[in-house]
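**Student:** model the structure of this input:
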Amino acid sequence: MDRLDNTIRPYAWGSTTAIPRLLGVEPTGEPQAEVWMGAHPGAPSRTARGPLTELIEATPERELGTETVAKFGPRLPFLLKILAAGAPLSLQVHPDLAQAKEGYEDEERR
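**Tutor:** Residues are numbered from 1 along each chain as shown. A predicted model of the protein is given here:
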């Protein structure tokens, strides 16, 4: 088992205290909006053995398990985000590929 070192996203809407309190560290005074845990290419979690993206790429079945690789392919099938909003935040919904294509086509028709 690996301990993860995760990226903190400093978006302007973030709380200055919630994430430091959760992690048991002193606040920096800067907004900290999201903690990303996973293998997103833009901010992968890091381990003592290296970035999670590289570990999974090198040995996907060892890192994810045979069933997960069979079902989702050689990638971590989720990105866990802990959000700490210090200001109102709009709700975001991300479509799947079919929904995105349908929405694009509908928009182009209009």
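
**Student:** outside of the least confident helix or strand in the chain by mean pLDDT, which residues touch it?
**Tutor:** Least confident element among the helices and strands of the chain, by mean pLDDT, DSSP states H and E: helix 97-109 (a mean of 92). Residues outside helix 97-109 that contact it (C-beta atoms under 8 Å, 6 or more residues apart in numbering) are Pro95. Backbone N, C-alpha and C define where each C-beta goes, glycine included.

**Student:** measure how far it is from the centre of its chain, please.
**Tutor:** Mean C-alpha position of helix 97-109 versus that of the full chain (C-alpha atoms, centre = their mean, to the nearest Å) differs by 25 Å.

**Student:** what does stretch 9-21 give?
**Tutor:** 15 Å.

**Student:** span of it from start to end?
**Tutor:** Criterion C-alpha to C-alpha, to the nearest Å; first-to-last residue distance in stretch 9-21 is 16 Å.

**Student:** buried sites along it?
**Tutor:** Of the residues in stretch 9-21, Arg9, Tyr11, Gly14, Ser15, Ala18, Ile19, Pro20 count as buried by neighbour count, 16 or more other C-beta atoms under 10 Å.
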